[in-house]
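Student: predicted structure and sequence below. I'll ask about it afterward.
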Amino acid sequence: MDYLYYKAINWDDIKDNFDKYMWERLTTNFWLDIRIPITNDQTAWQQLSDTQQQAITRMLAGTSMLAVYQSEVGTPAIRHDRRTQQEESVLNTITFMKSVHAKSCTTIFRALIPGNGGESFTWADDNANLQAEIDQLAQMSTSDMALQKKALFILTETGLSFGKYWTILQTQALVNTYQMLANILRGSALFSAYIGYKFRLRFEELTVSDQTELQYWINTQFDQLMQTEKDFLEANLDDATEAINLASYGANHALMSLGFNAVYEVQPSSLVAQLKELMIDQNQFLQQVTAANNESDTEKMTDDDYDF
């Protein structure tokens with residue numbers, strides 16, 4: 001790095017305005033799972049069939065496992081490639097929010113299946129396909145391949161998660177649980193857009209041959225992980241067609257966040273449309289940041305700010 005780890009951070013000395021913009025977006029969108037009244041979904045939950053309940057709890061446990069991986073390994077692994085001190089602050093915030101995402105699953109279980117949530121977590125821990133996904137991701141976490149780790153971080157947020165969210169997205173009655181999921185998805189959208197931007201900065205510094213080699217590696221890894229995800233969804237859902245469709249949309253979103261073309265077949269659907277509303281278009285994201293950079297960061301005070 002070109003700065004000392006213990007150097008004081010000066011937020012008035014910004015090397016990359018995207019860091020400042022993302023910090024403000026993340027802190028503005030800050031939320032906690034305990035502030036969403038999941039208990040209000042208890043009546044609707046009881047009206048679901050046993051099969052529906054099992055599918056929801058198992059898919060949520062799977063996403064919780066991925067969120068734990070992202071907070072404990074995925075985000076810390078890409079921190080070593082930070083370009084600025086402010087970027088590290090943003091990554092620290094992402095790490096914390098991934099812990100919130102992971103804890104959200106426990107909050108849902110505590111409200112809807114009190115005393116029985118542990119069974120779903122144990123099931124996830126013992127699931128071969130889930131462990132295969134984590135193992136493949138973990139193999140890259142200790143390498144020096146910074147761009148590869150960024151690409152897999154984004155795929156974990158999208159392609160490996162969206163299919164598992166299908167059970168909540170298509171269950172409209174669980175209003176508060178859906179709201180929590182929407183918060184998680186908005187966070188994942190921000191994380192993916194930011195890490196994708198940082199990926200592009202490094203990618204543009206590579207030679208053409210290195211870019212070609214890296215893109216081939218990413219496509220190969222994505223294909224392998226998406227096949228594992230497809231196997232997982234087909235093995236644990238009565239009809240995994242729409243879940244796989246959402247997973248494919250997520251994988252395409254990951255590729256486009258990296259600056260590549262979408263390659264997975266996706267059928268238009270109302271659930272895909274829901275996800276699109278929550279995601280962030282990378283080009284639009286860059287435009288928003290450019291506009292924000294031209295605005296003052298001075299926050300105007302109102303009379304209410306002085307009521308203590």
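Tutor: Now that the structure is in, tell me what you want to look at.
Student: CA only for contacts and neighbour counts going forward, please
Tutor: Fine.
Student: what are the boundaries of the strands in this structure?
Tutor: Taking DSSP state E, the chain contains no strands at all.
Student: helices and strands of it: which one bottoms out on pLDDT?
Tutor: Lowest by mean pLDDT, DSSP states H and E among the helices and strands of the chain is helix 282-293, with a mean of 69.
Student: where does pLDDT dip in the stretch 151-300 of the chain?
Tutor: For the stretch 151-300 of the chain, the stretches flagged by pLDDT under 70 are 282, 289-290, 292-300.
Student: show me where it has helices.
Tutor: Under the criterion DSSP state H, counting those that start in this stretch, the stretch 151-300 of the chain contains helices at 166-169, 175-203, 208-236, 241-257, 270-278, 282-293.
Student: helices and strands around the second one, which ones?
Tutor: Helices and strands in packing contact with helix 175-203 are listed as helix 17-28, helix 85-112, helix 146-157, helix 166-169, helix 241-257, helix 270-278; criterion 3 or more C-alpha pairs under 8 Å, 6 or more residues apart in numbering; DSSP states H and E.
Student: next: the fourth one.
Tutor: Taking 3+ C-alpha pairs under 8 Å, 6+ apart as contact, the helices and strands that helix 241-257 lies on are helix 146-157, helix 166-169, helix 175-203, helix 208-236, helix 270-278.
Student: and it with helix 208-236, angle?
Tutor: 160 degrees (axes from the mean of the first three to the mean of the last three C-alpha atoms, to 10 degrees).
Student: buried residues in helix 241-257, which are they?
Tutor: The neighbour-count criterion (16 or more other C-alpha atoms under 10 Å) identifies 242-257 as the buried residues of helix 241-257.
Student: from residue 259, how far off is the nearest residue to residue 211 once chain neighbours are set aside?
Tutor: Spatially, and ignoring its direct neighbours in sequence, residue 211 is nearest to residue 203 (6.7 Å; C-alpha to C-alpha, 6 or more residues apart in numbering). Using C-alpha to C-alpha, to the nearest Å, residue 203 is found at 9 Å from residue 259.
Student: brilliant, that's me finished.
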